[in-house]
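Visitor: sequence? don't have it. structure:
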């Protein structure tokens, strides 16, 4: 069984709505789709619920000692997450923590993570993540050297710390993309491993460094703790992502779509680029 998991927030609501429409059109097998949002966004996202689509309140996922409050540094437009155990967390931190925590609530064997600014443009079957009893793990081998000027190296070091790995052991691989799959039992094992290594709640151990990547954390756990058991590697990005740059108009979006590889089934247009939403709607008809 496979579930699709999407962390989101109010600012991405319209894009998440487009994701849902494209999934209903192109994703085979009618998998359950779980949308993870903060408590203050639940009411708005209820409009997207369906028999196969469920809105999950982060308060049902995260520990009670972590509280969302209005952030005065943003003129109270955004939220921050406070506790007595960690420095304040921002939305991008908490979205990553939700991705891990959801494994403790679901029963599906595999969790497919899909960001809320993704749009499917071709038919896709989640069963393609499996090769017999092994699940696809996205990994770009020895890619760290080509990612200078990014936070990847720090994320990799901090993942090693959270996992209790020897500090001299630094992975050179990149595990970050969108539209990836994790084994639920491996996530549960990772949580238990982190808590055993630090004798504290896993969120404290992961978030204390402030700079972390859930994708690198899971990838290093699978490869360096599990020795790859239950997984196979694949470096193809199933979703073509526009990470940064000027907003794309209709022509720019069509040019971007024309650049998709044959194996790519979706595009992800980062919301902060300000790309044209109406043009995105036209892409899926």
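Guide: Received it, and whenever you're ready, just let me know what you need. Quick caveat, the model's predicted, so the values are computed rather than measured.

Visitor: Going along the chain from the helix or strand encompassing residue 112, find the next helix or strand for me.
Guide: Assigned by DSSP states H and E, residue 112 belongs to strand 110-113. Next along the chain after strand 110-113, taking DSSP H and E as the criterion, comes strand 118-120.

Visitor: starting at the chain centroid, how far to that following strand?
Guide: 14 Å (C-alpha atoms, centre = their mean, to the nearest Å).

Visitor: Give me the contacts around the helix or strand following that strand.
Guide: Following strand 118-120 in sequence order, the next helix or strand is strand 124-125 (DSSP H and E). Outside strand 124-125, the residues that touch it by C-beta atoms under 8 Å, 6 or more residues apart in numbering are 26-29, 238, 265-266. (Each C-beta comes from the backbone N, C-alpha and C, glycine too.)

Visitor: Please name the strands paired to the strand holding residue 112 in the sheet, noting orientation.
Guide: Partner strands and pairing direction for strand 110-113 (DSSP bridges) are strand 2-7 (parallel), strand 180-183 (antiparallel).

Visitor: From residue 55, how far out is residue 44?
Guide: 9 Å (C-beta to C-beta, to the nearest Å).

Visitor: neighbour count winner among those two?
Guide: residue 55 (19 against 14; other C-beta atoms under 10 Å).

Visitor: The nearest residue to the more buried one once chain neighbours are set aside: neighbour count?
Guide: In space, and not counting its chain neighbours, residue 55 is closest to residue 45: 4.8 Å by C-beta to C-beta, 6 or more residues apart in numbering. Residues within reach of residue 45, counting by other C-beta under 10 Å, total 23.

Visitor: next one: the one 4 residues further on
Guide: As a burial measure, the neighbour count of residue 49 was computed by other C-beta under 10 Å and equals 13.

Visitor: can you pull the pLDDT of it?
Guide: With respect to pLDDT, residue 49 scores 96.

Visitor: Kindly report the same for residue 144.
Guide: 83.

Visitor: now swap in residue 76 and tell me
Guide: Reading off the model, residue 76 has pLDDT 69.

Visitor: Distance from the chain centre to stretch 214-231, please.
Guide: 16 Å.

Visitor: ok, and for it, which residues are buried?
Guide: By 16 or more other C-beta atoms under 10 Å, the buried positions in stretch 214-231 come out as 214-225, 231.

Visitor: Also stretch 262-278?
Guide: Buried-residue list, stretch 262-278, by 16+ other C-beta under 10 Å: 264-269, 271, 273, 275-276.

Visitor: Just the mean pLDDT for it, thanks.
Guide: On average, stretch 262-278 scores 88.

Visitor: sorry, back to before: could I get the buried residues of stretch 262-278 in a markdown table, plus columns for distance to residue 39 and secondary structure?
Guide: Formatted as a markdown table, the buried residues of stretch 262-278 follow (distance: C-beta to C-beta, whole Å; DSSP: H, G, I helix; E, B strand; the rest coil):
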| residue | distance to residue 39 | secondary structure |
| --- | --- | --- |
| 264 | 35 | coil |
| 265 | 32 | coil |
| 266 | 29 | strand |
| 267 | 30 | strand |
| 268 | 26 | strand |
| 269 | 27 | strand |
| 271 | 21 | helix |
| 273 | 28 | helix |
| 275 | 29 | coil |
| 276 | 31 | coil |
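
Visitor: Which one of these is nearest to residue 249?
Guide: For the buried residues of stretch 262-278, the residue nearest residue 249 by C-beta to C-beta is residue 276; the value is 5.3 Å.

Visitor: Not counting sequence-adjacent ones, nearest residue to the closest one?
Guide: residue 249 (5.3 Å).

Visitor: next one: residue 224
Guide: That would be residue 165: by C-beta to C-beta, 6+ apart, it lies 6.2 Å from residue 224.

Visitor: One more: residue 41?
Guide: residue 10 (4.7 Å).

Visitor: for this structure, which spans come out with low pLDDT?
Guide: Scanning the chain for pLDDT under 70 picks out the ranges 75-76, 149.
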